[in-house]
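S.K.: this is a predicted model, with the sequence first.
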Amino acid sequence: MKRVVFPLAGKWRFGLDLMDTGEDEAWFKMDFIDDSWLQVDVPSNWDYYKAELFGYAGVGWFRRSFIPCEEWSRKSLILKFEGVNYSAKVWINSVLVGSHEAGFMPFEFDISDKVRFGEDNLIAVKVDNIPSEDKVPSSLAGWWNYGGIYRDVYIEVRNYLYIDDIFIDARPIGDESQLNLRLKVANRTSEVRCVKIEANITTPHGEIIQDWSQDPRLSLDAEIPADSCGTSETEIRVKGMKTWSIEDPNIYVLNTFLKTPEGELLDTVSTSFGIRSVTVKNGKLYLNGKPVRIKGVNRHEEYPASGRVDQSDLLESDLRMIKEDLGANMVRIHYLCESRFYDLTDKLGLLVFAEIPFWGIGKEVMMNPKIVENAKQQLTGLVNRLKNHPSVVVWSVGNECESNNEIARTLISELIQFVKEMDSTRPVTYVSNYIHGEDEWCNCLDLGDFTSVNGYFDVHTDRFNEVLEKIQEENPGRPVLITEFGAEAVRGIHGGIQGSEEHQAEVIEKTWNLILSRDYVMGGIVWSFTDYWHQPRKLGTVYLNPVYFLHGILDLDRRPKKSFTVLGTLFKGN
């Protein structure tokens, strides 16, 4: 049986819970009357339901009903949420099915035994986006803390025997492509089950490159214990497959079929992948053995008048603008994005610097076991979700934490090793901004596969150069990536003053020229692609606007500043 996806996007009821009394008052009950609540579209951010809700940090509730088919009664029903910010508790027909914490990570619950088939069922979701130091991110500062169910929601209907996970390590070896496949099958029945796994490799258009009849290693027999999982591995080599690269992003598809020994089809999964290798050495990132100078932009998943929800189909135009108009080759983002983002970067040939929102964590908070566990859970989710995307070439375990101490060094080392044990095919790094003096000097710069630093020195590139030379003196020959640089600019303000378009362009040009002058610097990633809403900071800070940051080379409406043209000229010229 092919998996069935039952969509739950669309109209939901939404109610504010200002005093957080909804759970005590049983707002999750089927007989609770929600007629007075707002009717809203999901996915969406509650910041845009009403003007008064922009920036609301608190509790809100979502409710809707659905009717599952009678024929699904002997299947497994998995309720999936692609993104809820920040934490969620979920009830089905007045029964709590689970909770989840981490606003950018997908999660799911098995609701097979909670559902009434052929009749109305109720989903109730309590959402909480209250900032707190024991959350990752804390949302006490940084990007806007949009609330609500802002990514897709659906029920996946599948057999109790199903393909649970696939990992494809595909790299060029001479004139061949070597594919190491790891296939995980789940058995949610009470008996040991024997299965057959068969696979083929096709182009995106369905043209078969290799299948189990041509190579018996693409056909595996497995015995899966009751209520457990089994993993099978195989390695094949194939001639004639093209590599994935920035200039020529070739994509292939692994189609995996799970069958009974008699040949009955139980499940099928199609997984896109690309053939490429990624290494870091001699001050450069190498893709398929060829050096790449990193020319990137940092981007927030944010859109005008809709928050984190792309209601105007801007995502693809953004990415095309980044590659085609700017001449950039990498995008960095502080958190897991919607799945379409990575499908498009694969298709377009854009490299991705993938990171979890372990941002701005202080030394004392790092000693909180809950924080460490949350970071590891998010790293697990990041790697599991993105590991087959050829465009994803770097894992980052965090950004701008208080890293001038041994507590941070111990934890960052632990997180880097944690990722390497999950995936050894990509470099791993940590991003620091502790580079501004002896008391604020990061002692994690030698961890990971290369050093990543955020450098904001305005036009004073001589000071930035001193910092880079110090890093190199401490770690001779170690590659460095400038993961953030830039300045603020108000679109439409001109002249030789801070905050003008000309000043921002000057900072970017001077910093990029410094990057080009150092052979151990792999490249740079400008902050940021667009302006963005920012959590309020205290008055008196250096920022032009404490709630709307103006670092973009475009404003939030995608209107360019002078730096957009200047950066495009720089990137295309070098």
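M.R.: All right, it came through fine.
S.K.: going forward, measure contacts between C-alpha atoms and count neighbours the same way
M.R.: Will do.
S.K.: P261 and G60, how far apart?
M.R.: In this view, P261 and G60 are 49 Å apart by C-alpha to C-alpha, to the nearest Å.
S.K.: neighbour-wise, which of those two wins?
M.R.: More neighbours surround G60 than the other of P261 and G60, with 23 against 14 (other C-alpha atoms under 10 Å).
S.K.: I92 contacts R116, correct?
M.R.: No. Applying C-alpha atoms under 8 Å, one finds I92 not in contact with R116, separated by 9.9 Å.
S.K.: off-centre distance for stretch 313-323?
M.R.: Using C-alpha atoms, centre = their mean, to the nearest Å, the distance from the centre of stretch 313-323 to the centre of the chain it belongs to is 17 Å.
S.K.: can you get me the start-to-end distance on that stretch?
M.R.: Taking C-alpha to C-alpha, the first and last residues of stretch 313-323 lie 17 Å apart.
S.K.: so what touches that stretch?
M.R.: For stretch 313-323, the surrounding residues in contact (C-alpha atoms under 8 Å, 6 or more residues apart in numbering) are 297, 303, 328-329, 341, 344-345, 348, 350.
S.K.: take those residues and keep only those in strands.
M.R.: Among the contacts of stretch 313-323, DSSP state E puts V297 in strands.
S.K.: thinking again about what came up before, who has more neighbours, I92 and R116?
M.R.: For I92 versus R116, neighbours defined as other C-alpha under 10 Å are more numerous around I92 (22 against 18).
S.K.: got the contact list for the nearest residue in space to the more buried one that is not next to it in sequence?
M.R.: Closest residue to I92 apart from its sequence neighbours, by C-alpha to C-alpha, 6 or more residues apart in numbering: I123 at 4.9 Å. Applying C-alpha under 8 Å, 6+ apart to I123 gives the contacts 28, 63-66, 90-93.
S.K.: helix, strand or coil for the most centrally placed residue in the chain?
M.R.: Against the mean C-alpha coordinate of the chain, by C-alpha atoms, centre = their mean, the closest residue is L336 at 1.6 Å. The local conformation at L336, judged by DSSP: H, G, I helix; E, B strand; the rest coil, is coil.
S.K.: how near is the residue nearest to it when sequence neighbours are not counted to I208?
M.R.: Of all residues not flanking L336 in the chain, F104 sits nearest, at 5.8 Å (C-alpha to C-alpha, 6+ apart). According to C-alpha to C-alpha, F104 and I208 sit 36 Å apart.
S.K.: can I take it that K126 is in a strand?
M.R.: Yes. The assignment for K126 (three-state DSSP) places it in a strand.
S.K.: that one touches W61, doesn't it?
M.R.: Yes. Contact status for K126 versus W61: in contact at 4.6 Å, counting by C-alpha under 8 Å.
S.K.: what residues are shared contacts of the two?
M.R.: Common contact partners of K126 and W61 (C-alpha under 8 Å, 6+ apart): none.
S.K.: give me the pLDDT for the spatially most distant residue from the centre of the chain.
M.R.: Among the C-alpha atoms of the chain, the one farthest from their average position, using C-alpha atoms, centre = their mean, is that of E262, at 40.1 Å. At E262 the predicted local distance difference test score is 95.
S.K.: next, count neighbours for T425.
M.R.: By the measure other C-alpha under 10 Å, the count of residues near T425 is 16.
S.K.: whoops, I mixed them up, Q498
M.R.: Number of residues near Q498 (other C-alpha under 10 Å) recorded here: 17.
S.K.: which residues sit in contact with it?
M.R.: Contacts here follow C-alpha under 8 Å, 6+ apart; on that basis Q498 touches 488-489, 504.
S.K.: list phi and psi for it.
M.R.: Here the main-chain torsion angles of Q498 (degrees, to the nearest 10) amount to phi -60, psi 140.
S.K.: if we can go back for a sec, any chance of the contacts of Q498 in JSON lines, plus pLDDT and neighbour count?
M.R.: Written out in JSON lines, the entries for these read as follows (pLDDT from 0 to 100; neighbours: other C-alpha atoms under 10 Å):
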{"residue": "E488", "pLDDT": "96", "neighbour count": "25"}
{"residue": "A489", "pLDDT": "97", "neighbour count": "29"}
{"residue": "Q504", "pLDDT": "97", "neighbour count": "28"}
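S.K.: P479: which of these is nearest?
M.R.: Of all the contacts of Q498, the one with the least separation from P479 (C-alpha to C-alpha) is Q504, at 26.7 Å.
S.K.: sec struct for the closest one, please.
M.R.: Once three-state DSSP is applied, Q504 turns out helix.
S.K.: okay but it is in contact with V490, surely?
M.R.: No. With contact defined as C-alpha under 8 Å, Q504 and V490 do not form a contacting pair (9.2 Å).
S.K.: that older thread, which of the contacts of I123 fall in strands?
M.R.: In this view, these that belong to strands under DSSP E are 63-66, 90-92.
S.K.: okay, now R385: neighbour count?
M.R.: Neighbouring residues of R385 were enumerated by other C-alpha under 10 Å; the total is 16.
S.K.: buried ones in the strand or helix carrying it?
M.R.: With the criterion set as DSSP states H and E, the secondary-structure element containing R385 is helix 369-386. Within helix 369-386, the residues that qualify as buried are 371-372, 374-376, 378-379, 381-383, 385-386, counting by 16 or more other C-alpha atoms under 10 Å.
S.K.: and those, which two are furthest apart?
M.R.: By the measure C-alpha to C-alpha, the buried residues of helix 369-386 have their two most distant members at I371 and L386, which lie 22.4 Å apart.
S.K.: which of the contacts of I123 lies closest to G142?
M.R.: Closest approach between the contacts of I123 and G142, by C-alpha to C-alpha: V90, at 27.8 Å.
S.K.: thought the closest one was touching F107?
M.R.: No. With contact defined as C-alpha under 8 Å, V90 and F107 do not form a contacting pair (11.1 Å).
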